[in-house]
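In: The following block contains a protein sequence and its predicted model.
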Amino acid sequence: MSALARALGFSVAMILAFAAITYVLPQVKGEAPEEEEMVIGELTMDSFVALGEKLYQGKGTCTLCHNSLGRAPDMLTYDVQSTSLERIADSRYQGQAGDAESYLRESMLEPSAYVVEGFGKKGSNDTESPMPAVNQPPIQLSDIETDAIIAFLQQKDGNPVTVALPSADAAPAVEAENTAAAPALAQNAEEAIAKFGCAACHAILGSESPVGPSLKDVGQRLQPDQIRISIIDPKAEIAQGFPPIMPEFPNMALAELEMVVQYLSQQTGAQP
Amino acid sequence: MSGISITLQRFRNASFRRRLLTLLLVAMFGLGAVMLAPVATADTHASEQHSAALDSAAGNPETALEALPAPKPKRGDYPNIGTSSRAIVWVFAQMHLFFGALVLAVPIFVLVIEFIGFKTRDDRYDDMAHEFMKISLTAYAITALFGGTLALSLFLLYPQFMTYMMRAFGSQVLIYALLFFLESMLLYIYYYGWDALRYGNRKWVHLTLGLLLNGVGSTLLVVANSWSTFMMAPSGIDPASGAITGSLWEIMKGPLWNPLNLHRFLANIAFGGAVVGAYAAFKFLAAKSAAEKAHYDWMGYTSNFVAILAFLPLPFAGYWLMAEVYAYSQQMGILAMGGILAWLFVIQAVLICTILLAANYYLWNGMARTDGGERYRWMIKYIALVLIMGFLVWITPHNVIYSGSEIARLGGSAHPVLGPLGIMPAKNIAVFLMLVMTFLSFQLYRRADKEITVNWRHWGNALMIAIYIVACVNIVFAGVYYGYFTNTVYKVGSSVLQVMSTVVVIVSGVVIDTLMFKGAKKLPVNWGMVSNRSQYALFALPIAFTWLMALMGYIRSSVRTHWHVYAVMKDNSPDNFIPPLATVGNMVTGITLLFLVFVLFIFWIANLSGTRQLPPQPQGDVALAGGGK
Ligand code: HEM
């Protein structure tokens, strides 16, 4: 019987020895990508480029392939701008791009449009790229995020950044899948104004509240940009004669903000 | 209208499918309950409650379910039961896989052994095959129990995911249910009919039953595999929305299905052989008489033989699987082999090397059973040397990327000194040389009890030695040349040459030996004359196998990262991250220990059924007779 007990002890010891190896190896946790919080109105070119770099190494998983191991061109080691122009000039080039920016965007959205020599899928003779389109699952970058990476790639070699900062209407509603039970988005401006309770202080949509300035003619007084700023950052400029009590709306989605801004800029005081 | 078409029509009806599934769950539990009544009662109860819940949830419209996009659950939509849902499903899934593997694999080699016994008219084979089946039968009830519990926990903890899986695979439930009932029926008839259908024409009936059993079992395996491969590389759906567009066949026949089928089929046999080998070792150590020792020594040897034979082609199947993963998504392949999961392959290397060393050690020890073994003893130390060097090269990491952001900070990740040893071609050299050496041990073992008499024996031996030398040179040359002196694109060329060389050694070794053994003088083999120490190899084998299987199952699961169904249905549950290695190690270790406990239970039951209490003697003393034969 003791031979059996010893065999059992041996077995358990072996199991634990395997476990011990996992303790010795480095401990890394792979988090699922978080949806980036960004307030379009507050983006500067610097923070946009920084966002691009973060995406390049994080959510975009670009460095998984684009690194020094020869799986894909290591874009951190060459001038992406001038290389892009060489690619376009290549006789094999069949794509639509006319400049570096559009070449980079094309490379990311339609990787097979042009395949860098030697990097094509096995057996495809460099006609098919192994790189996934970055706006599709599993990477799923938004247009803005794609632009941010282009900005990063342009700036890293000191080239001028040609992508424009995102304009608000290019932004689709930020997906909020990871936040627990995000409230439903308002469908139109009236709903958004009701949802965020603007009418509690302002005269708008049948309200005559005198706490804040009337919004019925705000389109006459302010430019859309000013309206946007007043909502994003109410304390930036306080209208004369009113108390500085307007709250911020951190939960207002970009799409809702835009609907409200557009609606308000049409309020010129005239009766419809 | 015929009955069948009515059934089929009803089958298109989702609530009918749900009821059928519930029935299946209840049946699986019920089956477990027959064998393990006290353990099972609580679960049966739970599944009945579940059935009520399913029925009341069946109120949704049933048209065009397939056209719906994949569900997009938010974090709050996942039931929160206080502990990690993933851990629960992980344990049940892996336990179910272990026992499923055992139950499906054992009848495969049992049938072969039975057939050998039939052909050679040697009853020892038949008895051994029957005894192997006894283990499989006990394991079957446990498989069903864990299967039912797994399905139940998935439906309760991941309802949206299971909704989607049912949408894709719903029409398969009927097939699965049918297979499951057939499997149960055939298994019981095959086992309990053994002695009734033992000789003459009746034996043919029994062998046919065995063949049917294996046919059904293998079909069950590939059906179940399609769920895993669908989650990794979905097919038959609209990739943008996840809506079901294809037929059931298109959904099942994804790009990874066949590679996984082959790999699991082989791995299951190797695993099954290893587990019953441990049973033989367990009985060997407990044996009192020389006859018993001889029987269980022989049984252990046969199990080990089965395990090694199925094991040798596994790396090739593994490479095929990985190659298909790369072809499907390079990103997924790199994530597994070069990304955050790469460290796991260091452990895989340790485990596989443990298996190889244990198998070789057992073979070397086994040579002591016959006097002829002395002739080859001198070679063992060289084989051992190659194995150990191979092991060291294999576990040397080359590039280890921590995460996307860390690689940038480290500026590349190749180790300056060890790097060249750690790259794939060097590893391939190590792996293939180890395989060739294991085959050499195996071949020497088989020659140990023979005096070869054919007159061309010197030529035959010279040819065999030449094949070994050429193969080893080829393996080293291909690895070095393609690995270090050509660019990336040609590197894959190296493994083709290496695989071919290894296969040539194995195939020509078997062929040459078979021819040379014609009329060979048999030296006496003293079964039972092995050391107790050698039996430890028979424990090491299944332990390493079990750990390996749990680890690989985890890798297969985690390359999906934060997706339930890769690139189609996101996993937003609190567990959608890749856990640190030590957590994985804890889980895998816990699961392996749990498996060990259940296996001991099975051995104990199998032993119990062979134990008979003698009737009380007039003197009043009660004796227990030992089991076995
Ligand atoms: C060296 C190349 C190999 C690669 C790349 C590889 C890869 C894989 C992968 C990705 C899986 C996950 C499949 C799953 O569980 O669903 C797997 C499973 C497995 N592998 Fe391998 N493998 C290799 C070699 C081996 C070898 C040599 C063994 C032999 C011990 C082995 C034994 C197993 C086992 C037991 C499973 C679990 C099968 C199951 O769950 O049914 N593999 N392998």
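Out: Here it is on my side, so go on.
In: do stretch B:124-143 and the ligand meet at all?
Out: No: with CB under 6 Å from any ligand atom as the measure, stretch B:124-143 is seen stopping short of the ligand, the closest distance being 12.9 Å. All C-beta atoms are positioned from the backbone trio N, CA, C, and that covers glycine.
In: Same question for that stretch: list its buried residues.
Out: Of the residues in stretch B:124-143, those scored as buried under the neighbour-count criterion (16 or more other CB atoms under 10 Å in any protein chain shown) are B:125-143.
In: Keep only those of the residues you listed that are in helices.
Out: B:125-143 (DSSP state H).
In: State the distance from B:Tyr190 to B:Arg121.
Out: Distance, B:Tyr190 to B:Arg121, by CB to CB, to the nearest Å: 21 Å.
In: The two: which is more packed in?
Out: When neighbours are counted by other CB atoms under 10 Å in any protein chain shown, B:Tyr190 and B:Arg121 differ, and B:Tyr190 comes out ahead with 25 against 9.
In: by contact count, what packs against the host helix or strand of the more buried one?
Out: Element membership for B:Tyr190, per DSSP states H and E: helix B:173-192. Contacts defined by 3 or more CB pairs under 8 Å, 6 or more residues apart in numbering or on different chains; DSSP states H and E place helix B:173-192 against helix B:14-35, helix B:85-120, helix B:123-157, helix B:200-232.
In: Please work out the angle formed by the directions of the helix or strand following the third one and helix B:123-157.
Out: This points to helix B:123-157. Proceeding N to C from helix B:123-157, the next assigned helix or strand is helix B:159-169, under DSSP H and E. If you take axes from the mean of the first three to the mean of the last three CA atoms, to 10 degrees, helix B:159-169 sits at 120 degrees to helix B:123-157.
In: does helix B:159-169 come close to chain A?
Out: No: Helix B:159-169 lies apart from chain A when judged by CB under 8 Å from any CB of the partner chain; the minimum separation is 12.4 Å.
In: contacting residues around that helix?
Out: When contacts are taken as CB atoms under 8 Å, 6 or more residues apart in numbering or on different chains, the neighbours of helix B:159-169 outside the stretch itself are B:17-18, B:21, B:65-66, B:68, B:70-71, B:73, B:77-79, B:154-155, B:173, B:226-227, B:230, B:236-237, B:242, B:244, B:248, B:251, B:564-565, B:569, B:571.
In: Burial check on B:Ser558, number of neighbours?
Out: A count of neighbours around B:Ser558, defined by other CB under 10 Å, yields 18.
In: just B:Tyr536 next, same as before
Out: B:Tyr536 has 22 neighbours, counted by other CB under 10 Å.
In: Next to the ligand, which bits of the stretch 151-300 of chain B? Give me the list.
Out: With CB under 6 Å from any ligand atom as the criterion, the stretch 151-300 of chain B meets the ligand at residues B:228, B:260, B:263-264, B:267-268, B:271.
In: can you pull the contacts of B:Leu581?
Out: Contacts of B:Leu581 were listed using CB under 8 Å, 6+ apart, and they are A:22-23, A:25-28, B:343-344.
In: mind checking the SS state of the residue of the stretch 251-400 of chain B found nearest the ligand?
Out: When you check the stretch 251-400 of chain B against the ligand by CB to the nearest ligand atom, the closest residue turns out to be B:Gly318, at 2.3 Å. Three-state assignment for B:Gly318 (DSSP: H, G, I helix; E, B strand; the rest coil): helix.
In: hang on, it packs against B:His263?
Out: Yes: contact status for B:Gly318 versus B:His263: in contact at 6.1 Å, counting by CB atoms under 8 Å.
In: neighbour-wise, which of these two wins?
Out: The residue with the greater number of neighbours, taking B:Gly318 and B:His263 and applying other CB under 10 Å, is B:His263; the counts read 24 against 19.
In: Distance of the more buried one relative to B:Phe316?
Out: Distance from B:His263 to B:Phe316, by CB to CB: 9 Å.
In: do B:Leu608 as well
Out: Following CB to CB, the distance that separates B:Leu608 from B:Phe316 is 41 Å.
In: These two: which is more packed in?
Out: Neighbours were tallied for B:Leu608 and for B:Phe316 using other CB under 10 Å; the higher tally belongs to B:Phe316 (17 against 9).
In: With adjacent residues omitted, what lies nearest to the more buried one?
Out: Nearest in space to B:Phe316, with sequence neighbours left out and distances taken as CB to CB, 6 or more residues apart in numbering or on different chains, is B:Val499 at 6.0 Å.
In: what helix or strand is that neighbour on?
Out: The secondary structure element spanning B:Val499 is helix B:488-516 (assigned by DSSP H and E).
In: counting contacts, what elements does that helix pack onto?
Out: Using 3+ CB pairs under 8 Å, 6+ apart, helix B:488-516 is in contact with helix B:314-328, helix B:424-448, helix B:457-485.
In: okay, these, which one's buried deepest?
Out: For those, average neighbour numbers computed from mean count of other CB atoms under 10 Å in any protein chain shown are highest in helix B:424-448, which has a mean of 22.
In: Please determine whether that one lies in contact with chain A.
Out: No: Helix B:424-448 is not in contact with chain A by CB under 8 Å from any CB; minimum separation 11.1 Å.
In: and the next element down the chain from that helix?
Out: Heading towards the C-terminus - elements assigned by DSSP H and E - helix B:424-448 is followed by strand B:450-451.
In: List the contacts of that next one.
Out: Here strand B:450-451 makes contact (CB under 8 Å, 6+ apart) with B:372, B:517, B:520-523.
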